[in-house]
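Trainee: coordinates only, sequence not included:
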């Protein structure tokens with residue numbers, strides 16, 4: 001009888017251990033979606049974006065505890081609007097309180113008039129112009145408020161049914177990210193792209209700007225030729241707090257461009273290449289470096305290099321809805 005009781009207790013202990021181990025492994029998972037696009041077509045092609053996200057994913061798996069099975073890599077033809085949003089929503093469903101979700105995007109960025117979006121929420125007025133090959137000043141964006149947008153490989157299609165075609169607006173990204181943070185998930189967005197601000201005249205043709213104007217995307221010659229239509233329903237919104245769990249690391253200021261260049265013969269974005277060199281590798285440094293400290297070093301190094309290339313670029317850490325003193329790529333405390 002005592003033998004049966006002993007065996008029963010051992011089985012019970014083993015069962016509890018399995019459950020505890022399973023729960024521990026399920027907590028604090030790290031998910032990542034990595035999207036890089038070079039092959040936009042013609043003069044819009046870039047060179048370093050696929051390398052950016054491939055190398056960033058490798059760094060996350062090697063040094064920061066990301067499992068390959070918990071990440072997705074979308075490049076070039078695979079990086080459509082539908083594929084990007086489907087995967088973002090997949091991780092929105094999978095991630096739980098105490099997890100980390102990283103969205104790393106490298107490619108073109110652009111602007112969409114806020115008045116023609118479904119959520120009227122922008123307040124910053126933007127005016128953009130550039131000088132063409134004839135020395136004439138052309139207006140890229142009239143003075144107005146704009147949403148920033150990432151540019152999927154099929155951005156010029158209207159298969160989404162949205163007025164903005166297959167662009168992905170910051171409103172759409174925020175809806176997904178804020179749903180994650182409300183569950184207690186730490187969200188980190190890394191964007192090595194241009195998406196707003198005044199034109200900066202980079203002088204060297206060796207380095208390409210990661211910005212593409214709406215007129216280029218939709219195949220017209222000037223902004224006034226765009227046949228913009230307002231969505232059937234629009235609403236004015238004030239963005240709700242994201243529970244202090246949303247951080248963005250961007251390649252440049254609003255009035256600058258992120259540069260696509262080459263480093264030791266390898267095409268990459270200046271921001272991403274620098275970020276990877278500054279990310280701590282040793283366990284000791286990973287245990288103490290914060291996003292604030294990391295981006296301070298990255299911004300300084302990028303700015304110094306950009307000046308050498310007759311340009312201006314200052315990577316930014318936006319922490320309006322997050323904690324800049326959190327350790328880099330760490331999971332949050334369960335709330």
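Mentor: Sure, I can see it. Note that the structure is predicted; figures quoted are calculated from it, not measured. Numbers count the residues shown, from 1 in each chain.
Trainee: now the helix or strand hosting residue 148: average pLDDT?
Mentor: Element membership for residue 148, per DSSP states H and E: strand 137-150. Strand 137-150 comes out with an average pLDDT of 86.
Trainee: and the lowest mean pLDDT element among the helices and strands of the chain?
Mentor: helix 2-26 (a mean of 40; mean pLDDT, DSSP states H and E).
Trainee: can you name the element that comes right after that helix?
Mentor: Later in the chain than helix 2-26, the nearest helix or strand by DSSP H and E is strand 30-36.
Trainee: can you give me the helices for this protein?
Mentor: Using DSSP state H, the helices of the chain run over 2-26, 49-63, 81-94, 170-182, 214-217, 270-278, 283-286, 291-308.
Trainee: closest one to residue 103 among those helices?
Mentor: helix 81-94 (6.9 Å; CB to CB). Where C-beta positions appear, they are placed from N, C-alpha and C, glycine not excepted.
Trainee: pull the residues that contact that closest one.
Mentor: 31, 33, 35, 72, 74, 101, 103, 150, 152, 154-155, 157, 159-160, 166-168, 172-173, 176, 179-180 (CB atoms under 8 Å, 6 or more residues apart in numbering).
Trainee: dump the helices of the chain to JSON lines, plus mean neighbour count and distance to residue 263.
Mentor: Output for the helices of the chain, formatted as JSON lines (neighbours: other CB atoms under 10 Å; distance: least, CB to CB, whole Å):
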{"stretch": "helix 2-26", "mean neighbour count": "10", "distance to residue 263": "37"}
{"stretch": "helix 49-63", "mean neighbour count": "20", "distance to residue 263": "9"}
{"stretch": "helix 81-94", "mean neighbour count": "17", "distance to residue 263": "26"}
{"stretch": "helix 170-182", "mean neighbour count": "20", "distance to residue 263": "28"}
{"stretch": "helix 214-217", "mean neighbour count": "20", "distance to residue 263": "27"}
{"stretch": "helix 270-278", "mean neighbour count": "23", "distance to residue 263": "5"}
{"stretch": "helix 283-286", "mean neighbour count": "11", "distance to residue 263": "22"}
{"stretch": "helix 291-308", "mean neighbour count": "18", "distance to residue 263": "10"}
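Trainee: by mean pLDDT, show me the worst of those.
Mentor: Mean pLDDT, when computed for each of the helices of the chain, is lowest for helix 2-26, at a mean of 40.
Trainee: tell me what the strand holding residue 148 is packed against?
Mentor: strand 109-113, strand 125-131, strand 168-169, helix 170-182 (3 or more CB pairs under 8 Å, 6 or more residues apart in numbering; DSSP states H and E).
Trainee: residue 63 against residue 281, yeah?
Mentor: Yes. Under the criterion of CB atoms under 8 Å, residue 63 makes contact with residue 281 at 5.6 Å.
Trainee: run through the stretch 201-335 of the chain and note the low-pLDDT ranges.
Mentor: Low-confidence segments of the stretch 201-335 of the chain (pLDDT under 70): 201-211, 234-243, 254-255, 335.
Trainee: how near is residue 288 to residue 65?
Mentor: 16 Å (CB to CB, to the nearest Å).
Trainee: tell me which of those two has more neighbours.
Mentor: Using other CB atoms under 10 Å, the more surrounded residue of residue 288 and residue 65 is residue 65, with 16 against 10.
Trainee: for the closest residue to that one other than its chain neighbours, list each beta-bridge partner.
Mentor: Once flanking residues are discounted, residue 65 sits nearest to residue 30: 5.6 Å by CB to CB, 6 or more residues apart in numbering. Taking DSSP bridges as the rule, residue 30 bridges to residue 100.
Trainee: check contacts around residue 30.
Mentor: Counting by CB under 8 Å, 6+ apart, residue 30 makes contact with 60, 64-67, 70, 99-102, 329, 331.
Trainee: and with 6 Å instead?
Mentor: Applying CB atoms under 6 Å, 6 or more residues apart in numbering, one finds that residue 30 lies in contact with 65-66, 100.
Trainee: rewinding a little: quick one: which of the helices and strands packed on strand 137-150 is nearest residue 259?
Mentor: Ranking the helices and strands packed on strand 137-150 by distance to residue 259, with CB to CB as the measure, places strand 109-113 first at 12.7 Å.
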